[in-house]
Every structure is written in structure tokens, then in C-alpha cells.
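# Predicted model and sequence follow; I will ask about them next.
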Amino acid sequence: MTGQWHPDPEGRFEYRWWDGQQWTDQVSHQGQIQQVPLGAPPEPQRVPATPAAAPAPAAQDGFAGITGDLVDGRFAEHSGAAVANQNPRMLRVRLGEPFMARQGSMVAYQGNVEFAFEGGGASRFIKKAFTGEGLPLMRCQGQGDVFLADRACDVHLLQLTNTGLSISGKNVLAFSSNLDWNIERVKGGSIATGGLFNTTLRGTGWVALTTDGPPVVLDAAEAPTYADTDAVVAWSANLQTQLKTSFKAGALIGRGSGEAMQVVFHGAGFVIVQPSEGVPVTPAQ
């Protein structure tokens, strides 16, 4: 769950920041943001009781004379964790260690930040060209804050600890440079049969992925789990997979023209599925 501004539960301020687990000390009142712990008395000189009592804005205040929800603090840059959601559709990364991000996903940054093409080496380049699993990456390094987004999709942040995650390349937004990544064939399929290839991340670090709408997370241990290859986003790398093809079922299952393909999952782990199959592909004439 990501943090959001909510009405102050104590009623002393307009808004208080909820970080997804608890109320924080950050409050917003009449366009001013300050730190006031729960239960602490307000500071009258900083949070005036009426607009008439508000102190005159400093000459260098770029927000002077402007009011509205965009400048009252609820959309201000978040502080706290080095890697966190700025909002449900944008990721903020405070640079310390370098990290990888999808090329073109940077929407803003502050500070001294450098962006460089990350090819991944000759073997990964060949795999990307041969399999069509596209993961164009850039290395971000330096000092500052970087804001990332992709087509206004929902952004979800996961932490990996000595484990692996298989992700569709189109859903990778960014990940820690500590993680090892590779393009791997989904077991149960082959190139000759139109096999599916995914990007696998392994190790310890963070990864941000995107979904086209709110996803569902299915527990594959409860029962064999089937997912449309265009809708599945990611799954635990330890799951057993198999590709299932249904002919002459395009009008009934998934989307296609007489053929539908699903990934079958078995074992202890989870599968993330988005409520979208992506942009329809127009058949060649």
C-alpha cells in the first residue's frame, strides 16, 4: 500500500500523511507543510487559526499568491525511504547506488544525475534480438532524485531477498543494480512452438514493475493457475510453468484469431495478472 494524504485524524490540521502502515508527523494546513507528531500541540505561529493571521509570504516564496490542491502540499515531493512511490503511478528514487530503469521512463529529476545506455552484454543483446523480449535499459547514477513513470500505468514496488522473479519485459520499470537480470525461456515452451521469453531478476534488491490497472495476485499453491500470456505480468521464478495452446478458441478465451495461449503455473508461489491484454495487434493484410 502506498502513502497518501488523508484528513488529519485529530482534526487539528487539514491533512496528515499516511505512509501505508501508520500516520506520520508530516501535516499540511492552508498550503503549509510541517512536522507535528500525533498528540503534540500545534504551533500557532506556523499554522494560523484564520487566513487573516497567516504571516506574509517571503519574497523568495515561489508559491506566494497561488492556492489550490496542486500547491497545498498533498502533491509535494515525498521524503523518507530512498525508493518509494511518489504516487500510485510514479516512482521516486533517491540516488545512492546506481540503478537500472526502462529507457524513456524518466519524467523528471533533481540534482546531478547521469543516464547511460545499458546493453547488458553481447549475450543479452543477442537474446533480445532473437526472442523479441524487449527490455531497453539505462543506468542511472549520481546524486539526486529521479522520478519514473510509464504510460501512466500503476507502479508497484517489491523487495527481493535471495530469490527470483520472472517479469514480462514490458512491465519492468526499474530495479536495483544489485540484482542480476537475464532473458530466459519460459519452461514448457520452445522457440519452434512460439515459446514465451521473460526477464528474470535474481538476488537481493528492489524492483518496480507496472500494471495496466489494478492487478490480481494469485496463489499458485492453491490450484493449477492459468493466465493469458498478454495479461500475465510476473511470477515467482521457482514456479513450474507450461504453455497451453487452445486452437479455434480465439472468440472464447483471451484475444486472437483462432488460437489462444495460456501459461500454466504449478507449485508454491504467486502469479501477478493485470486487467489488460495490452494494445491489440492488427493482423497483417
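Ah, there it is.

# just the helices in this structure please.
122-131 (DSSP state H).

# shaky segments in it?
Scanning the chain for pLDDT under 70 picks out the ranges 1-2, 40-61, 120-134, 188-195, 246-260, 278-285.

# can you give me the strands for the stretch 151-285 of the chain?
154-167, 172-176, 180-185, 197-211, 216-219, 225-228, 232-236, 240-247, 259-266, 270-273 (DSSP state E, counting those that start in this stretch).

# what's the longest one packed up against?
With contacts defined as 3 or more CB pairs under 8 Å, 6 or more residues apart in numbering; DSSP states H and E, the packing partners of strand 197-211 are strand 154-167, strand 172-176, strand 180-185, strand 232-236. (C-beta placed from N, C-alpha, C; glycine too.)

# The last one: how far from the chain's middle?
When C-alpha coordinates are averaged (CA atoms, centre = their mean, to the nearest Å), strand 232-236 and its chain have centres 14 Å apart.

# Now do that strand against strand 259-266: the angle between them, please.
Put simply, strand 232-236 runs at 20 degrees to strand 259-266, going by axes from the mean of the first three to the mean of the last three CA atoms, to 10 degrees.

# And for strand 232-236, what's in contact with it?
163-168, 171, 209, 211, 215, 220, 241, 263, 265, 267-274 (CB atoms under 8 Å, 6 or more residues apart in numbering).

# still on that earlier bit, could you redo the strands of the stretch 151-285 of the chain as JSON lines and give each row distance to residue 89 and mean neighbour count?
Below are the strands of the stretch 151-285 of the chain laid out as JSON lines (distance: least, CB to CB, whole Å; neighbours: other CB atoms under 10 Å):
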{"stretch": "strand 154-167", "distance to residue 89": "6", "mean neighbour count": "17"}
{"stretch": "strand 172-176", "distance to residue 89": "10", "mean neighbour count": "24"}
{"stretch": "strand 180-185", "distance to residue 89": "24", "mean neighbour count": "17"}
{"stretch": "strand 197-211", "distance to residue 89": "9", "mean neighbour count": "21"}
{"stretch": "strand 216-219", "distance to residue 89": "18", "mean neighbour count": "14"}
{"stretch": "strand 225-228", "distance to residue 89": "23", "mean neighbour count": "20"}
{"stretch": "strand 232-236", "distance to residue 89": "15", "mean neighbour count": "25"}
{"stretch": "strand 240-247", "distance to residue 89": "29", "mean neighbour count": "15"}
{"stretch": "strand 259-266", "distance to residue 89": "26", "mean neighbour count": "19"}
{"stretch": "strand 270-273", "distance to residue 89": "17", "mean neighbour count": "20"}
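
# Turn the ones you listed into CSV, columns for distance to residue 18.
Output for these, formatted as CSV (distance: least, CB to CB, whole Å):
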stretch, distance to residue 18
strand 154-167, 17
strand 172-176, 24
strand 180-185, 33
strand 197-211, 21
strand 216-219, 22
strand 225-228, 32
strand 232-236, 26
strand 240-247, 38
strand 259-266, 34
strand 270-273, 24
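
# looking at these, which is closest to residue 85?
For the strands of the stretch 151-285 of the chain, the distance to residue 85 is smallest for strand 154-167, at 5.8 Å, taking CB to CB.
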